[in-house]
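**Q** Take a look and give me a structure for this.
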Amino acid sequence: MNHGLLKTLFFMAAGYLSGSLLFGRILPKYFKNMDIEEISADHNPGTANVMKYAGIPLGVLCLVLDIGKGYLPILWAEKVVEPVNHLFAGIMVAPVLGHAFPFWKSGHGGKAIAVSFGVLLGVLRYSRSVWLLAALYLFFSLVLVVSPNERRSVYTFGIFGAVSAAFLLLGGLPGVCVGNMLIAAVVIRRNWADARFGQETEEKWEQERTEDV
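**A** A predicted model of the protein is given here:
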């Protein structure tokens, strides 16, 4: 097997394992004997739920660790695998995939937002795409407000992935652009079911039909 491919597979595995550490589940359970997935409405082991149910200090710690588990593996991998390499895309998406679909929880993890920002901060010296993602989130949170949060994430990462594809066609770094697209695909897949697309229309039709009866 090609030596470069072996190195890439190693960093992908390391990133996936790093991402699969669900600090939003581990920290509240360890410090407060609290099951965030059990008590939260969306059963998501994420930073927002940790802040809401376990307190802001623990939530901030969870946020830092979730960003770090995306950032540090990328920082490590960059020293060995060049971001211009298409295979680097697999390294980028690995922590996000681990968080969203951890092997030890039957593939049911978190929404993968903070870890995605961590990965993008890891490639900041090569790409400013993290600022695009932040700007999109702010736009859909403050200007054109989209809810629920999962739908906001789908819109944000959908546009983020499309812009990354355009940059790839315009000569952007292949490893980073394809990595951004893969991250967008994973986050959209993880958030799609809870984005409630079409459910409001179905509920409205059902209400109107009931009223007619």
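**Q** Tell me which residues of the helix or strand where residue 155 lies come out buried.
**A** Secondary structure from DSSP states H and E places residue 155 in helix 149-169. Residues 149-157, 159-161, 163-165, 167-168 are the ones in helix 149-169 that count as buried (16 or more other Cβ atoms under 10 Å). Just so you know, the C-beta spots here come from the backbone N, C-alpha and C atoms, and that holds for glycine as well.
**Q** And that helix, how far out from the chain middle?
**A** For helix 149-169, the distance from its own C-alpha centre to the chain's C-alpha centre is 12 Å (Cα atoms, centre = their mean, to the nearest Å).
**Q** Name the residues that touch that helix?
**A** By Cβ atoms under 8 Å, 6 or more residues apart in numbering, the residues outside helix 149-169 that reach it are 48, 111, 113, 116, 129, 132-133, 136-137, 140-141, 146, 172, 174, 177-178, 180-181, 183-185, 187-188, 191-197.
**Q** packing partners for the helix or strand following it?
**A** As assigned by DSSP H and E, the chain's next helix or strand after helix 149-169 is helix 174-192. The contact analysis (3 or more Cβ pairs under 8 Å, 6 or more residues apart in numbering; DSSP states H and E) places helix 174-192 against helix 88-100, helix 113-122, helix 149-169.
**Q** Switch the ones you listed over to TSV; also include mean pLDDT and distance to residue 67.
**A** TSV is the format used below for these (pLDDT from 0 to 100; distance: least, Cβ to Cβ, whole Å):
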stretch	mean pLDDT	distance to residue 67
helix 88-100	97	10
helix 113-122	97	4
helix 149-169	96	16
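**Q** closest to residue 58 out of the ones you listed?
**A** Among the helices and strands packed on helix 174-192, helix 113-122 comes nearest to residue 58, with 14.2 Å by Cβ to Cβ.
**Q** Would you mind pointing out the helix or strand residue 109 falls in?
**A** Under DSSP H and E, no helix or strand contains residue 109.
**Q** Return the residues in contact with residue 117.
**A** Counting by Cβ under 8 Å, 6+ apart, residue 117 has contacts 67, 70, 130, 133-134.
**Q** between these, which is closest to residue 87?
**A** Of those, the one sitting nearest to residue 87 (Cβ to Cβ) turns out to be residue 70, at 18.0 Å.
**Q** Tell me how far the closest one lies from residue 31.
**A** 22 Å (Cβ to Cβ, to the nearest Å).
**Q** Which of these two has more residues huddled nearby?
**A** Per other Cβ atoms under 10 Å, whichever of residue 70 and residue 31 has more neighbours is residue 70, with 29 against 13.
**Q** For the more buried one, which non-adjacent residue is closest in space?
**A** residue 118 (2.7 Å; Cβ to Cβ, 6 or more residues apart in numbering).
**Q** Isn't that neighbour up against residue 67?
**A** Yes. Between residue 118 and residue 67 there is a contact under Cβ atoms under 8 Å: 3.9 Å.
**Q** which one of those two has more residues nearby?
**A** Neighbour comparison, residue 118 and residue 67: the larger count goes to residue 118, with 28 against 21 (by other Cβ under 10 Å).
**Q** residues in contact with that one?
**A** Listed by Cβ under 8 Å, 6+ apart, the contact set of residue 118 reads 66-71, 74, 95.
**Q** distance of it from residue 77?
**A** Residue 118 is 13 Å from residue 77, where distance means Cβ to Cβ.
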